[in-house]
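Undergrad: what follows is a predicted structure for the sequence shown.
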Amino acid sequence: MEVFDAIVVGAGHNGLVAANVLADAGWRVLVCEATDAPGGAVQSAELVAPGYVADLCSAFYPLAAASPALLSLRLEEHGLRWRHAPAVLAHAFPDGRHVVLHRDVEETAKAVAEFAAADADAWHAEFAQWLRIRDDVLAAILSPFPPVRAGARLARTLGPGELLRFTRRALLPVRVMAGERFAGDGARTLFAGNAMHTDLGPDNTGSGIFGWLLTMLAQEVGFPVPEGGAGQLTAALVRRLSTKDARVDLGRPVTSVVVGNGQALGVRDAAGEVVRARRAVLADVPAPVLYRELVGESHLPARLVADLDTFHWDDATIKVDWALSGPIPWSAHAVRGAGTVHLGADVDGLAGIANDLACGRVPRNPFLLLGQMTTADPARSPAGTESVWAYTHVPRGQTWSPSLLKRRADRIEQVVEDQAPGFRSLIAGRVISGPAELAAHDPSLVEGAINAGTAAIHQQLVFRPVPGLGRADTVVDRLYLAGAAAHPGGGVHGAPGANAAQAALARERIPGYRNAIAKAHKLLYR
């Protein structure tokens, strides 16, 4: 029987971050990945046509560029190179107007001022506040709950009155939050469009903090992409891990976590082989999968099992990748330089789309997140061409036949064509990925849910993935949840993996740590 200090189930980016952190601490680590490639939702391939590199799931990485967990790994020393489009983000309105966010704050201020002159000063003020508190905010959001040190620093910086006001803002719907600071549609829609990167609409409580966070990151670090494709971020994590006492086994599904006396002892793979874990098992898989399929309900408190019934997934997703013979001919010339493009709705339209999804309806006029990948990184396709993708959300639980997927992809293309006449004539190839196809590529994208559970406030902090401690520690000793279903949730920032690794290290180093966690769990799930 093979024996390791830690076994990581799943080689998504969170699993690889966790493995790197533990290996840095001198642990011997095994990563078991069910599929034939590492990376999970952070992969790329020549999906549509030879020479056109497509990001299979995630693509732009503002959180990765700012995340303390990933920055600490110094992945640039292992081959990662970031590239930027000339402009960060454009929002194209249905009526032909547009607003463009640049990394130059003065250029962005001018853009939003075209909608309301006062918004230039308001934008400068908003960004100045961000720079004042950004380190503490990122640490508070991404660190294990409760963020005592980061929260204390933020309180000292802001003072009690401003901290209360900031907390209020964090809970606001993005329509209200942006409306309190900005007068024009340009700035308001940038915030609302960025909030739609989650499953929250403009009028959902808590959508404001997501819209604000992504918009301010866009202004500061941009929406960078790895040179050569998303897979290069994964490759850097794997290369770094290869310099340590660690191993990544691909095509090795884990079928169960071996539990004895309330403690994780190792894992069993699909071939029936048991691998022993002396210190920890970390699972970069969705919470329902870990608890119900890998651990089994017999090892769990009845209260936790009941809580899993209320786990709330985020919306399903349909994605289209194109190989284009030339750049998209946007009617608004300024949109052509943006790496990321939002299109299909203004704030009211976004609210209608969110309502359709909540009611289980496929929106007639979809909101699109579109990536102009060659604009951001010329290595993505031959000179003079463009590698492009777009995705949109659809309700969960629907069956998407090939014919229905084709009709939805045609509708998506029409939305782009309306803003860029001649777009369809440039299509040299396309690939459509519905919820089932996304889940087939990465089993963690259950029914096409790309954030491993809703971003709504009822499933954040101590409510993620179920009411509990908001930490990676589980009710099974030495077993840790290291995927996006754990706090702080989805996005490519590596925090769930890093937090799980730190919890495993704390279990070994801090006297009384496990007893305190066990007592807390007993109170929660008795």
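TA: Received, thanks.

Undergrad: quick one: low-confidence ranges for the stretch 351-500 of the chain?
TA: Low-confidence segments of the stretch 351-500 of the chain (pLDDT under 70): none present.

Undergrad: which residues in it form helices?
TA: 373-376, 402-419, 435-441, 495-509 (DSSP state H, counting those that start in this stretch).

Undergrad: with mean neighbour count and distance to Pro382 added, can I get those in TSV?
TA: The C-beta positions use only the backbone N, C-alpha and C, and glycine is treated the same way. Shown next, in TSV, are these (neighbours: other Cβ atoms under 10 Å; distance: least, Cβ to Cβ, whole Å):
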stretch	mean neighbour count	distance to Pro382
helix 373-376	26	9
helix 402-419	16	21
helix 435-441	19	25
helix 495-509	24	36
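
Undergrad: out of those helices, nearest to Gly262?
TA: helix 495-509 (13.6 Å; Cβ to Cβ).

Undergrad: avg pLDDT for the next helix or strand after the closest one?
TA: As assigned by DSSP states H and E, the chain's next helix or strand after helix 495-509 is helix 513-525. For helix 513-525, the mean per-residue pLDDT is 92.

Undergrad: does anything pack onto helix 513-525? Which helices or strands?
TA: helix 302-308, helix 495-509 (3 or more Cβ pairs under 8 Å, 6 or more residues apart in numbering; DSSP states H and E).

Undergrad: wait, what's in contact with the nearest residue to Val341 once chain neighbours are set aside?
TA: Sequence neighbours aside, Leu370 is the residue nearest to Val341 in space, at 4.3 Å (criterion: Cβ to Cβ, 6 or more residues apart in numbering). Applying Cβ atoms under 8 Å, 6 or more residues apart in numbering, we find Leu370 in contact with 340-343, 388-390, 416.

Undergrad: Arg336 against Gln419, yeah?
TA: No. Here Arg336 lies out of contact with Gln419, judged by Cβ atoms under 8 Å, at a distance of 11.1 Å.

Undergrad: which neighbours do those two have in common?
TA: Shared contacts of Arg336 and Gln419 (Cβ under 8 Å, 6+ apart): Trp330.

Undergrad: quick one on the thing from earlier: turn the contacts of Leu370 into TSV, including distance to Glu126.
TA: As requested, the contacts of Leu370 are exported to TSV (distance: Cβ to Cβ, whole Å):
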residue	distance to Glu126
Thr340	20
Val341	22
His342	19
Leu343	24
Val388	31
Trp389	30
Ala390	28
Val416	30
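
Undergrad: out of those, which comes closest to Gln219?
TA: Thr340 (13.2 Å).

Undergrad: did I read that right, the closest one in a strand?
TA: Yes. According to DSSP: H, G, I helix; E, B strand; the rest coil, Thr340 belongs to a strand.

Undergrad: I'd like the numbering to begin with 375 instead of 1 from here.
TA: With the count now opening at 375, the last piece we talked about shows up as Thr714.

Undergrad: state the number of residues packed around it.
TA: Applying other Cβ atoms under 10 Å, we find 27 residues neighbouring Thr714.

Undergrad: and it, how far from Tyr765?
TA: 11 Å (Cβ to Cβ, to the nearest Å).

Undergrad: give me the common contacts of the two.
TA: Joint contacts of Thr714 and Tyr765 (Cβ under 8 Å, 6+ apart) are Leu743.

Undergrad: skipping its backbone neighbours, what lies nearest the most centrally placed residue in the chain in space?
TA: The centroid of the chain falls nearest to Gly865 when counting by Cα atoms, centre = their mean (1.6 Å). Here the nearest residue to Gly865 in space, its sequence neighbours aside, is Leu437; by Cβ to Cβ, 6+ apart that works out to 4.7 Å.

Undergrad: quick check: which element contains that neighbour?
TA: Judged by DSSP H and E, Leu437 forms part of helix 436-440.

Undergrad: so what does the following helix or strand past that helix touch, helix or strand wise?
TA: Sequence-wise, the next helix or strand downstream of helix 436-440 (DSSP H and E) is helix 442-445. Applying 3+ Cβ pairs under 8 Å, 6+ apart, one finds that helix 442-445 contacts helix 387-398, helix 493-516, helix 869-883.

Undergrad: who wins for proximity to Gly723 among the ones you listed?
TA: Closest among these, using Cβ to Cβ: helix 493-516, at 20.3 Å.

Undergrad: how about residues contacting that closest one?
TA: So helix 493-516 is contacted by 440-443, 479, 482-484, 486-487, 521, 523-525, 527-528, 531-532, 540, 555-558, 560-561, 587, 590, 593-594, 862, 867, 869 (Cβ under 8 Å, 6+ apart).

Undergrad: and this protein, what are its domains?
TA: Residue ranges for the domains of the chain, per automatic domain parsing: 377-410+624-685+827-899, 457-598+687-815.

Undergrad: in a markdown table: those, plus distance to Val416.
TA: Below are the domains of the chain laid out as a markdown table (distance: least, Cβ to Cβ, whole Å):
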| stretch | distance to Val416 |
| --- | --- |
| domain 377-410+624-685+827-899 | 5 |
| domain 457-598+687-815 | 11 |
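
Undergrad: returning to that earlier point: chain center to the helix holding Leu437: distance?
TA: Computed by Cα atoms, centre = their mean, to the nearest Å, the chain-centroid distance of helix 436-440 equals 10 Å.
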